[in-house]
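# Model the following, please.
(chains A and B)
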Protein chains: 2
Amino acid sequence: MASKPIPRIVIVGAGFGGLNAARTLARHPVEITIVDRKNHHTFQPLLYQVATAGLSPGEIASPIRAIFRGETNVLSLLEQVEGFDLDRRLVKTSEQEIPYDYLIVAAGATHAYFGHDEWEPYAPGLKTIEDALEIRRRVLLAFELAERQAVSGVATEPLNFIVVGAGPTGVELAGTLAEINQHVLAHEFRSIDPSRTRILLLEGGPRVLPAYAEDLSRSAEEQLRRLGVDVRTNTMVTGIEPGAVRMGGSRIVAPVILWAAGVAASPLGNKLGAPCDRAGRVLVQPDLSLPGHPEVFVIGDLAALKDEQGKMLPGVAPVAIQEGKYVGNLIRNELRGKPRLNFHYWDKGSLATIGRAAAVAQFGRIHISGFVAWLSWLFIHIFFLIGFQNRLLVFIQWAWSYVTYERGARLITGRTDLPGWTGMYPSGSKSAESSEDKTSGSTAA
Amino acid sequence: MASKPIPRIVIVGAGFGGLNAARTLARHPVEITIVDRKNHHTFQPLLYQVATAGLSPGEIASPIRAIFRGETNVLSLLEQVEGFDLDRRLVKTSEQEIPYDYLIVAAGATHAYFGHDEWEPYAPGLKTIEDALEIRRRVLLAFELAERQAVSGVATEPLNFIVVGAGPTGVELAGTLAEINQHVLAHEFRSIDPSRTRILLLEGGPRVLPAYAEDLSRSAEEQLRRLGVDVRTNTMVTGIEPGAVRMGGSRIVAPVILWAAGVAASPLGNKLGAPCDRAGRVLVQPDLSLPGHPEVFVIGDLAALKDEQGKMLPGVAPVAIQEGKYVGNLIRNELRGKPRLNFHYWDKGSLATIGRAAAVAQFGRIHISGFVAWLSWLFIHIFFLIGFQNRLLVFIQWAWSYVTYERGARLITGRTDLPGWTGMYPSGSKSAESSEDKTSGSTAA
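The predicted structure is shown next:
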């Protein structure tokens, strides 16, 4: 045992998958190197709370090296991985080549614009802390610019917020924006007319939360409407330009447009030389290894694997967590000479929050909506936050917000302009807006 | 009373001065408009805690309109003031002209580079939340890049942090950086050699905290040395370039250089058409009004006023707070027909913190150092934080950090490079560094 070299395990990405793989292997006789281009793990399920100013970035993110402070066999490196040399067993970063005996690639996914990357500056997505701060800046700034416009006596235009895509992130964003509009606007802005503010949730498919059962989709849509969200299903976005969305012939002007419509796997998946699916996910073996490379594993949102019923495992935190633990245990066992077993996902259920006391939950055949679903969501998410301090602070913050309707992290930092909007609409686009506004005014509840 | 028009009061800047003027006037029969280029009030005395990752931005800043949520006669506008028309009584912003009956200019100060603005990108100062986040990014990144350098086997260079200027901000920054170096480095970085890390505090004058009594300066310097700070008084910085500071013939390479050496009044002071002092502060009347314009007041760091002993009032929060309240009360009284009284500053004492359980306090003839001074500092600062929620959260955060030595807000967001440093020193500059390093190595304790 003394003369054998210590196995080196390199983990690319410190999301839920990479973090759980590292935790499972920490304090075992291996050397672990975690490489991430950020210095922190982000608790992605609460990212929408940072985007909507309910929580501060520090409350949902922890430095990777703080998480592994006590585990001296875990080395953390802030580097951008650029590729791999699978034959020589090296991870290539911009700065160096890192050798491995086992490689775990957990590089995750990013938002995708279906071939329309030019939309990104006008409709940011929500995957990182930076994304959340940019969305927060735009949302808060839109209210500020509308107040300025109202005070200076310029004819005010409706203050529209458009969320594209009604998956869990889109539903969370739309619901929370509607709450902000109801509670914050009325109390703090003296001049904006709240009745001219609209939150639109656009979904290409026939229902919101398409991954959930149909009765929960209906319930979620109903809860969204009660919050004042203008939900439009079967609505295809055909163009996004500075401050406006096009849907076929119609066009809606909006100072804030958010993209929650699609994700694509990290481009690192393609650099592993194995077959990928259409979304760029690596088609892995039943033990999550790369075909022909049993020492390389792909986990989390970057991996494409079907369950026993032939259904693709979804890109959610529980899948990544279980995959990370599985690969960590597999390596530990293999180093002790035990054979590999296939990965099995244990589906404990799904939860999606919509707003204050509004959510849907699906635990097998049990479907719950409303306050009880929301409470389950709240406690499960706070419980899984990394680090005790965060949990306590987030809980206090949440309790405070619940009682006072206050949102504590409403800071605008950085630029003070919005694409396509200077506080007054460009006069050239007025006619297009108003024709659409009349149309949508008649369809809105 | 019913037919008389309601007096319009415009306040430029929502720092301590502007905020206290507005609070004094709120709920009185006046219309108040606060114009600020940020949407938040920043509790500047704790800004160094954000810069050193101890607190999150949201914990020391509050949205201006949230502060005045209940005061319906206060309107808040996010705008950049560009000038004044004193004859027509108008404040000019980039978007509009705002009429006033009384004008309170509380635009504050910014850091100044004594004619060397080209130093700013290499040595950021600390005045805004954005500044604090930029400093935090650089400090955390320097440790990350040094770890990367150590791991990749490149010959490691000393990890220097240079703070220029030993006023209260410089002392706070240097002391806190030294603590981070001692406690965080040792536990979380596997490869950096902590003995190669140095915190340098450079001061042009003969002692640190020059505004304090000499015995407290000596005590502060002693406390800094105990924390491991390399204090160098009578040391003039003659040049700052990417990643290096020049002092006469010598040059020290440092991935992080922070500027705490000088402030200048806001350029808005010059636009009031009144005489200013060398630092750009407006020479105000004994009632803080502008000469020839009794309806215009200048308060806080932007005002130059001497006390009864002929000593210039310092640019600190208590002066701004008292001036804001004074002007608010003056206007209230004048509207009721009462005469003006001159402003008198009541000096309640000064407190400067150095680090964990280290501080100095000067209350008249009573001088305190160490733990008791630090406790006073802590409670006074938490007490004056705007908003109950912040106070509670900041207190929990502080208690937690005190027990665990943990710093909760260590997120690197934005760019992942440092000026003049890519993780490895540029080879061309090696000789200059090492000659200086030998020199300074022999003078350091």
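# C-alpha from now on. contacts and neighbour counts both.
Will do.
# what sits up against the helix ranked longest in chain A?
Longest helix in chain A by number of residues (criterion: DSSP state H): helix A:129-151. Applying Cα atoms under 8 Å, 6 or more residues apart in numbering or on different chains, the contact partners of helix A:129-151 are A:42, A:47-48, A:50-53, A:57, A:124-126, A:155-156, A:159, A:189-192, A:255-256, A:258, A:410-414, A:416-418, A:422-424, B:77-78, B:413-414.
# Can you check the distance spanned by stretch A:83-102, start to finish?
15 Å (Cα to Cα, to the nearest Å).
# Just the mean pLDDT for the strand or helix carrying A:Asp215, thanks.
In this structure, A:Asp215 sits in helix A:214-226 according to DSSP states H and E. Helix A:214-226 shows a mean pLDDT of 96.
# residues of it that come out buried?
A:Leu216, A:Ser217, A:Ser219, A:Ala220, A:Glu221, A:Gln223, A:Leu224 (16 or more other Cα atoms under 10 Å in any protein chain shown).
# Helices along the stretch 51-200 of chain A, start to end?
For the stretch 51-200 of chain A, helices defined by DSSP state H, counting those that start in this stretch occupy the ranges A:57-60, A:64-67, A:129-151, A:168-180, A:186-188.
# Include mean pLDDT, distance to B:Ala22 and mean neighbour count when you put those helices into CSV, please.
Shown next, in CSV, are those (pLDDT from 0 to 100; distance: least, Cα to Cα, whole Å; neighbours: other Cα atoms under 10 Å in any protein chain shown):
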stretch, mean pLDDT, distance to B:Ala22, mean neighbour count
helix A:57-60, 87, 30, 25
helix A:64-67, 90, 43, 21
helix A:129-151, 91, 19, 22
helix A:168-180, 94, 26, 25
helix A:186-188, 79, 16, 17
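# which ones are touching A:Val316?
A:Val316 is in contact with A:Gly300, A:Asp301, counting by Cα under 8 Å, 6+ apart.
# ok, now how distant is it from B:Leu305?
Taken as Cα to Cα, the span from A:Val316 to B:Leu305 is 61 Å.
# now swap in A:Ile396 and tell me
For A:Ile396, the distance to B:Leu305 - Cα to Cα - is 44 Å.
# Also A:Gly269?
Noted for A:Gly269: a distance of 65 Å to B:Leu305, by Cα to Cα.
# returning to that earlier point: compare A:Ile396 and B:Leu305 (neighbour count), which wins?
Neighbour tally, A:Ile396 and B:Leu305, criterion other Cα atoms under 10 Å in any protein chain shown: the higher count belongs to B:Leu305, 22 against 15.
# Would you check that the more buried one makes contact with B:Gly315?
No. Counting by Cα atoms under 8 Å, B:Leu305 does not reach B:Gly315; the two are 10.5 Å apart.
# Would you map the strands across the stretch 1-150 of chain A?
Per DSSP state E, counting those that start in this stretch, the stretch 1-150 of chain A has strands spanning A:8-12, A:31-36, A:40-42, A:61-63, A:74-78, A:81-85, A:90-93, A:97-99, A:102-105, A:109-111. These are given in chain order.
# mind putting these in a markdown table, distance to A:Gly355 and mean neighbour count included?
Formatted as a markdown table, the strands of the stretch 1-150 of chain A follow (distance: least, Cα to Cα, whole Å; neighbours: other Cα atoms under 10 Å in any protein chain shown):
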| stretch | distance to A:Gly355 | mean neighbour count |
| --- | --- | --- |
| strand A:8-12 | 34 | 24 |
| strand A:31-36 | 32 | 23 |
| strand A:40-42 | 21 | 24 |
| strand A:61-63 | 22 | 23 |
| strand A:74-78 | 35 | 23 |
| strand A:81-85 | 37 | 17 |
| strand A:90-93 | 41 | 18 |
| strand A:97-99 | 44 | 18 |
| strand A:102-105 | 34 | 24 |
| strand A:109-111 | 23 | 20 |
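# Output these in TSV; the columns should cover mean pLDDT and distance to chain B.
Listed next are the strands of the stretch 1-150 of chain A as TSV, based on pLDDT from 0 to 100; distance: least, Cα to the nearest Cα, whole Å:
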stretch	mean pLDDT	distance to chain B
strand A:8-12	98	14
strand A:31-36	97	10
strand A:40-42	93	6
strand A:61-63	89	6
strand A:74-78	95	6
strand A:81-85	97	13
strand A:90-93	96	11
strand A:97-99	96	8
strand A:102-105	98	18
strand A:109-111	90	17
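# Turn these into CSV, including distance to A:Val282.
Listed next are the strands of the stretch 1-150 of chain A as CSV, based on distance: least, Cα to Cα, whole Å:
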stretch, distance to A:Val282
strand A:8-12, 15
strand A:31-36, 19
strand A:40-42, 23
strand A:61-63, 27
strand A:74-78, 24
strand A:81-85, 15
strand A:90-93, 17
strand A:97-99, 22
strand A:102-105, 10
strand A:109-111, 12
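# and of those, who's closest to A:Leu283?
Checking the strands of the stretch 1-150 of chain A against A:Leu283 by Cα to Cα gives strand A:102-105 as the closest, at 12.9 Å.
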